[in-house]
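K.L.:
have a look; sequence and predicted model below, questions after that.
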Amino acid sequence: MRPKEVTWTKLRRHWQEINTWPCYRGRWLGQLGYSFAKLIYRLGQVKSPTQLLELAGFHPGEALEGFERWERLLRVAAERIERAGGNQGAISYEDGLILYGLVRGLKPRCVVETGTGPGLATSFLGAALVENRAGELYTIDLPVESGQQIRLEDGGALDWPARGLGWAIPAPLRKALGTRLKMLRGDVREVLPKLLGTLPALDLFFHDDLHTPAHMLWEYELVWPYLSPGGILISDDANFAWLRFCWRVGLRRYASPNWRRLTLARKPGDVPHVIRRRVA
Ligand SMILES: C[S@@+](CC[C@H](N)C(=O)[O-])C[C@H]1O[C@@H](n2cnc3c(N)ncnc32)[C@H](O)[C@@H]1O
């Protein structure tokens, strides 16, 4: 193919991609924002998952301590999801490695995840909490009846409900987590504001539910004031909403670095109590 044809093919593909999302269809400003963000994330792509851990202030070797004890179980969980086929919506294994490292590095008292789906992210976050021997994990998803396919407002059509919420979380991990894992069912727009008001602390938040820019911005801005100083906000499938959020709250250094659009920002200020105690 000649270079000109390659460019046209890429542009056509990009156009088709935008138009599969109902929230962008026919919205020129939104489409422009989506394209701009994609370019920024391409330029800001880090070279490895461990580089993102370093950006958050953690030594990868220390943050990934104990991972070898969970590696086989987590790999099997990821493979089961892949074998299940359809669209399960799960994160990648490498994204999971980042989540594990962040929880091990930060030692959060409380983690909140939106979008449980088949439970792969829940598994990585949970394994790290078990290794920490501290902390709780709240994970929120819709109250979907088993057997349904679910079509989201962002256009995604997910197949995990055929197997149940969090179906891929390995049984030994579930057992080890015990009451540390709290699976909440309901629309995030109702459950999250109520939950935030009841938590004694929020040290780590992971967004992975509805990926419309308006919803994502709402979620980041809702959570940010509740996050402890030194706490971490992570987003999967970052789009223009992440850039807007980082600019609005003065976090430009976190706007573009990403691992395949998994992004994070660390709240300025003192580090949470757990880390202070360890350093002292
Ligand atoms: C991308 S999947 C999550 C995958 C999961 N993090 C994993 O790694 O296995 C997105 C999930 O968000 C949930 N979701 C979408 N809109 C939601 C809403 N308004 N409230 C709660 N959950 C929602 C969907 O049901 C779906 O399970």
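P.N.:
All right, it came through fine. Numbers count the residues shown, from 1 in each chain.
K.L.:
all contacts plus neighbour counts: C-alpha atoms, from now on.
P.N.:
OK.
K.L.:
the ligand contacts on the chain?
P.N.:
Counting by CA under 6 Å from any ligand atom, the chain comes close to the ligand at 89-91, 115-121, 140-142, 152, 186-188, 208-210.
K.L.:
show me how far stretch 18-27 is from its chain's centre.
P.N.:
Relative to its parent chain, stretch 18-27 has a centroid offset of 22 Å by CA atoms, centre = their mean, to the nearest Å.
K.L.:
tell me which residues of that stretch come out buried.
P.N.:
Buried positions in stretch 18-27, judged by neighbour count with 16 or more other CA atoms under 10 Å: I18, N19, W21, C23, Y24.
K.L.:
same question for stretch 35-54.
P.N.:
So stretch 35-54, judged by 16+ other CA under 10 Å, has buried residues 35, 37-38, 40-42, 44-46, 49-53.
K.L.:
including secondary structure, pLDDT and distance to R244, could the residues you listed go into a markdown table?
P.N.:
Shown next, in a markdown table, are the buried residues of stretch 35-54 (DSSP: H, G, I helix; E, B strand; the rest coil; pLDDT from 0 to 100; distance: CA to CA, whole Å):
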| residue | secondary structure | pLDDT | distance to R244 |
| --- | --- | --- | --- |
| S35 | helix | 93 | 14 |
| A37 | helix | 96 | 10 |
| K38 | helix | 94 | 13 |
| I40 | helix | 96 | 12 |
| Y41 | helix | 97 | 13 |
| R42 | helix | 95 | 17 |
| G44 | coil | 97 | 16 |
| Q45 | strand | 97 | 18 |
| V46 | coil | 97 | 20 |
| P49 | helix | 97 | 24 |
| T50 | helix | 97 | 25 |
| Q51 | helix | 97 | 23 |
| L52 | helix | 97 | 20 |
| L53 | helix | 97 | 23 |
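K.L.:
between those residues, which is closest to the ligand?
P.N.:
Closest to the ligand out of those is P49 (16.0 Å), distances taken as CA to the nearest ligand atom.
K.L.:
quick one, what contacts that closest one?
P.N.:
By CA atoms under 8 Å, 6 or more residues apart in numbering, P49 lies in contact with E94, D95, L97, I98, W259.
K.L.:
G178: which of those is nearest?
P.N.:
Each of the contacts of P49 was scored against G178 by CA to CA, and L97 proved nearest at 21.8 Å.
K.L.:
isn't there a strand covering the closest one?
P.N.:
No - under DSSP: H, G, I helix; E, B strand; the rest coil, L97 falls outside any strand and is assigned helix.
K.L.:
quick check: the gap between it and the ligand.
P.N.:
Counting by CA to the nearest ligand atom, to the nearest Å, the gap from L97 to the ligand is 12 Å.
K.L.:
does that residue touch G126 like I think?
P.N.:
No - contact criterion CA atoms under 8 Å: L97 and G126 do not qualify, at 11.9 Å.
K.L.:
who's more crowded, these two?
P.N.:
G126 (27 against 22; other CA atoms under 10 Å).
K.L.:
quick check, distance from the helix or strand containing the more buried one to the centre of its chain.
P.N.:
Under the criterion of DSSP states H and E, G126 resides in helix 120-132. In terms of CA atoms, centre = their mean, the centre of helix 120-132 is found 13 Å from the chain centre.
K.L.:
which strands and helices sit next to that helix?
P.N.:
helix 71-84, helix 93-106, strand 136-141, helix 171-177 (3 or more CA pairs under 8 Å, 6 or more residues apart in numbering; DSSP states H and E).
K.L.:
ranking helices and strands of this protein by mean pLDDT, which lands last?
P.N.:
helix 273-279 (a mean of 41; mean pLDDT, DSSP states H and E).
K.L.:
returning to what we had before: could you dump the helices and strands packed on helix 120-132 to JSON lines with mean pLDDT and distance to H59?
P.N.:
Shown next, in JSON lines, are the helices and strands packed on helix 120-132 (pLDDT from 0 to 100; distance: least, CA to CA, whole Å):
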{"stretch": "helix 71-84", "mean pLDDT": "97", "distance to H59": "19"}
{"stretch": "helix 93-106", "mean pLDDT": "98", "distance to H59": "8"}
{"stretch": "strand 136-141", "mean pLDDT": "98", "distance to H59": "23"}
{"stretch": "helix 171-177", "mean pLDDT": "98", "distance to H59": "25"}
